[in-house]
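K.L.:
Return a 3D structure for these sequence lines:
(one chain, ligands or ions: 1)
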Amino acid sequence: MRRTPRPLVLILAVSALAAAALTPLTSAEEKVILTPKPGPEPRINGARVFGVRPRSPFLFTIPATGERPMTFAVEGLPDGLTLDTATGQITGALAARGEYAVTFKATNRSGTIERGFKIVCGDTLALTPHMGWNSWYVWENHVTDGIMRAAADAMVSSGMIDHGYQYVNIDDCWAVKPGSNDPTLQGPERDARGMVNSNGRFPDMKALTDYIHAKGLKAGIYTSPGPLTCAGHVAAWQHEEQDVARFVEWGYDFLKYDWCTYLGGGRDKTIDELQRPYRLASAILAKQPRDIVLNLCQYGMGKVWEWGASVGGNSWRTADDLGGRFEGIPAALFRDGFDVYSKNELHRHGGPGRWNDPDYLLIGYLSDWQGGTAATPLTPNEQYTHFSLWCLVSAPLIFSGDITRLDDFTLNILTNDEVIDVDQDPLGKPGRRVAKSGDLEVWVKEMEDGSKAVGLFNRGEGLAEVTALWADIGVQGRQKVRDLWRQKDLGVYKDALKAFVARHGVVLVRMWPEGK
Ligand code: GLA
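P.N.:
Numbering: from 1, shown residues only. Down below sits the predicted model:
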């Protein structure tokens, strides 16, 4: 006899349902922390593959949770690389191209854990989606050196580094702003060699990247191919070689290249015009003695996903600013996150070294664009939905709220290792929507080990039962199902999985054929 799958009832869903009749649902949801805290025993997290070019400076910090002190070891570390056994930082440089299979080990007084890892020395960077933090959505035009240092400190003290977060990226507003009345934004735009200068809020860029690197993290910077950035600061137009050389001199590892004022800033451009600045930048980057990941930002113009990789982009923004309007963030999540992706079948274009970028993680405290900060307008369920979708579609996980003010709920969204494993899976195969029935959607990502990550989403205004059919997911027979947000096995199911899902919420699972 066929067994009827048990429905999964979310605690969140129930609280939303109870409140539905009386109050607006958005203000009624509780912030239920679903993810158990990591235990004292060591666990190695994050990416399992890392790309580097021959002779470039190498930096990778083994992300591991568990009680400190912890000692690290690497079996099979190739010549040229050195491990700091106390911090897990691997540095040096590789001379020869090739794939190096190594084993990471982490030991503390609760035990030892091992995990395989692959270093690929070749031409491709960003073999898994970037993980990190960006200053824009919380600090926008008042970012400073002190803020960036505090962000690096917080990435370590919050433990985010132990889950694989790596990049600490300045967005716009570090360069001089022509015509500004603010003395900290004035000064010579370039030095005698024509190299771009930072403004008075960034007195010593090299010291800043040294500070970030010393923590085992990487540093990112931002400019535009136009004469000015979107916020009106000096940008790279006709100084492309010098500015990339400057970023190398300063020690940056990541560049966001934002269209802004290029060719007058209009959107009525030919594909050749759209591609030109990115081809130029990536050709210049390829010549540098340092690896710099290239993030294209041009809001999806000319179906950038179809050619972003061919012009050297490691990732490309797929739509306008997700947080362009603070109150508009929930609507943008569904429109620019879900719909832009499925309508354009973006899963066909992403992969190792080339990722669709639906913009930053807009949770925690964000800029209110009036000089202050405010808690994200996303409801708790929308925040689970946001992070789950980003992982299912292999999006960069770049948090852009206030990293120095992380509450437990926000941290639980950002640091669930089993959910992050979906994003960082080494196969790098972006997921896609496989079923839609009104407001209910099922999304699936194929994982390297043959399992499937499955998201059951409810975009509707009330509690609803979502059914994920095996035929849609592409599996057969009995499947062992695990709830990833709760890190809990749910049992074995056949033919379908049904779940009651709250308004704008998700149930995220991973399934393996029984016996595997
Ligand atoms: C554009 C980008 C944003 C941000 C701002 C900075 O709007 O899309 O991500 O970088 O510029 O001015």
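
K.L.:
and stretch 33-44, what's its mean pLDDT?
P.N.:
Mean per-residue pLDDT for stretch 33-44: 96.

K.L.:
can you check stretch 351-369 too?
P.N.:
Mean pLDDT, stretch 351-369: 98.

K.L.:
And for the nearest residue to Val304 once chain neighbours are set aside, the neighbour number?
P.N.:
Nearest residue to Val304, sequence neighbours excluded (Cβ to Cβ, 6 or more residues apart in numbering): Trp316, at 4.6 Å. In short, each C-beta sits where N, CA and C put it, glycine included. The number of residues packed near Trp316 is 29, by other Cβ atoms under 10 Å.

K.L.:
quick one: contacts for Trp316?
P.N.:
Trp316 is in contact with Asn295, Leu296, Cys297, Gln298, Gly300, Val304, Trp305, Gly308, Trp355, Asn356, Asp357, counting by Cβ atoms under 8 Å, 6 or more residues apart in numbering.

K.L.:
Go again with 7 Å.
P.N.:
Counting by Cβ atoms under 7 Å, 6 or more residues apart in numbering, Trp316 makes contact with Leu296, Val304, Trp305, Gly308, Asn356, Asp357.

K.L.:
for Gln476, same thing?
P.N.:
With contact set as Cβ under 7 Å, 6+ apart, Gln476 has these partners: Trp470.

K.L.:
If you check the stretch 1-150 of the chain against the ligand, which residue is the closest one?
P.N.:
As assessed by Cβ to the nearest ligand atom, the ligand sits closest to Trp136 within the stretch 1-150 of the chain, at 4.8 Å.

K.L.:
So that residue sits against Asp171, correct?
P.N.:
Yes - in terms of Cβ atoms under 7 Å, Trp136 counts as a neighbour of Asp171; the distance is 3.7 Å.

K.L.:
For stretch 131-146, which outside residues touch it?
P.N.:
Contacts for stretch 131-146 (Cβ under 7 Å, 6+ apart): 147-148, 151, 155, 164-174, 201-203, 208, 231, 323, 360, 362, 365-367, 373, 397-403.

K.L.:
Show me those residues that map onto helices.
P.N.:
Ile147, Met148, Ala151, Met155, Leu208 (DSSP state H).

K.L.:
Farthest pair within those residues?
P.N.:
Met155 and Leu208 (14.2 Å; Cβ to Cβ).

K.L.:
Which members of the contacts of stretch 131-146 are classed as buried?
P.N.:
Those of those that meet the buried threshold are 147-148, 151, 155, 164-174, 201-202, 208, 231, 323, 360, 362, 365-367, 373, 397-403, by 16 or more other Cβ atoms under 10 Å.

K.L.:
so what's the spatially most central residue of the chain up against?
P.N.:
For the chain, the residue nearest the mean C-alpha position is Leu397 (1.3 Å; Cα atoms, centre = their mean). Counting by Cβ under 7 Å, 6+ apart, Leu397 touches Pro129, Met131, Leu361, Trp390, Asp423.

K.L.:
can you check Pro396 too?
P.N.:
Each residue near Pro396 by Cβ under 7 Å, 6+ apart is listed here: Pro129, His130, Ser315, Trp355, Asp357.

K.L.:
Can I get these in a markdown table including secondary structure, neighbour count and distance to the ligand?
P.N.:
Shown next, in a markdown table, are the contacts of Pro396 (DSSP: H, G, I helix; E, B strand; the rest coil; neighbours: other Cβ atoms under 10 Å; distance: Cβ to the nearest ligand atom, whole Å):
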| residue | secondary structure | neighbour count | distance to the ligand |
| --- | --- | --- | --- |
| Pro129 | coil | 26 | 17 |
| His130 | coil | 25 | 14 |
| Ser315 | strand | 27 | 12 |
| Trp355 | strand | 30 | 16 |
| Asp357 | strand | 28 | 10 |
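
K.L.:
could those go into JSON lines alongside distance to Ile44?
P.N.:
Shown next, in JSON lines, are those (distance: Cβ to Cβ, whole Å):
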{"residue": "Pro129", "distance to Ile44": "18"}
{"residue": "His130", "distance to Ile44": "19"}
{"residue": "Ser315", "distance to Ile44": "25"}
{"residue": "Trp355", "distance to Ile44": "23"}
{"residue": "Asp357", "distance to Ile44": "26"}
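
K.L.:
ok, the residue in the stretch 301-450 of the chain that the ligand sits nearest to - how many residues close by?
P.N.:
Closest residue of the stretch 301-450 of the chain to the ligand, Cβ to the nearest ligand atom: Asp321 (4.7 Å). Neighbourhood size, Asp321 [other Cβ under 10 Å]: 19.

K.L.:
hang on, Gly88 packs against Phe60?
P.N.:
No - using Cβ under 7 Å, Gly88 is not in contact with Phe60; the gap is 8.9 Å.

K.L.:
Tell me, how many residues neighbour the residue nearest to Phe247 when sequence neighbours are not counted?
P.N.:
Counting by Cβ to Cβ, 6+ apart, Phe247 lies nearest to Ile221, which is 5.6 Å off, once chain neighbours are set aside. The local packing of Ile221 (other Cβ under 10 Å) involves 26 other residues.

K.L.:
what about Ile221, distance to the ligand?
P.N.:
From Ile221 across to the ligand, the span is 11 Å (Cβ to the nearest ligand atom, to the nearest Å).

K.L.:
which bits of the stretch 201-350 of the chain sit near the ligand?
P.N.:
Thr229, Cys230, Ala231, Asp258, Cys297, Asp321 (Cβ under 6 Å from any ligand atom).

K.L.:
neighbours around the residue lying closest to the second one once chain neighbours are set aside, how many?
P.N.:
In space, Cys230 comes closest to Cys260 once its chain neighbours are excluded; the distance is 4.2 Å by Cβ to Cβ, 6+ apart. Neighbourhood size, Cys260 [other Cβ under 10 Å]: 22.

K.L.:
any weak-confidence spans in the chain?
P.N.:
Applying pLDDT under 70 to the chain flags residues 1-28.

K.L.:
Do a quick rundown of the helices in it.
P.N.:
Counting by DSSP H, the helices of the chain are 11-20, 25-28, 136-139, 145-157, 205-214, 240-250, 271-286, 329-332, 340-343, 380-392, 408-414, 417-423, 470-473.

K.L.:
CSV please, covering the ones you listed and showing distance to Arg459.
P.N.:
Formatted as CSV, the helices of the chain follow (distance: least, Cβ to Cβ, whole Å):
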stretch, distance to Arg459
helix 11-20, 14
helix 25-28, 13
helix 136-139, 23
helix 145-157, 32
helix 205-214, 38
helix 240-250, 41
helix 271-286, 31
helix 329-332, 11
helix 340-343, 12
helix 380-392, 8
helix 408-414, 19
helix 417-423, 20
helix 470-473, 17
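
K.L.:
closest to Leu484 out of those helices?
P.N.:
Taking the helices of the chain one by one with Cβ to Cβ, helix 417-423 is closest: 4.7 Å.

K.L.:
so what does that closest one touch, helix or strand wise?
P.N.:
helix 380-392 (3 or more Cβ pairs under 7 Å, 6 or more residues apart in numbering; DSSP states H and E).

K.L.:
Identify the residues contacting the helix it packs on?
P.N.:
Counting by Cβ under 7 Å, 6+ apart, 12, 16, 29-32, 330, 333, 337-338, 358, 361, 363, 376, 378, 397, 409, 413, 419-420, 422-423, 431, 443, 445, 453, 455, 457, 485, 502-506, 508 sit against helix 380-392.

K.L.:
can you check stretch 112-120 too?
P.N.:
Identification of contacts with stretch 112-120 by Cβ under 7 Å, 6+ apart yields 42-44, 48-52, 78, 99-106, 127.

K.L.:
now it, how far from the chain's geometric center?
P.N.:
Between the centre of stretch 112-120 and the centre of its chain there are 21 Å (Cα atoms, centre = their mean, to the nearest Å).

K.L.:
Identify each buried residue in that stretch, please.
P.N.:
Here stretch 112-120 shows Ile113, Arg115, Phe117, Ile119, Val120 as buried, counting by 16+ other Cβ under 10 Å.

K.L.:
Repeat that for stretch 37-54.
P.N.:
Neighbour counts over stretch 37-54 (16+ other Cβ under 10 Å) mark 38, 42-53 as buried.
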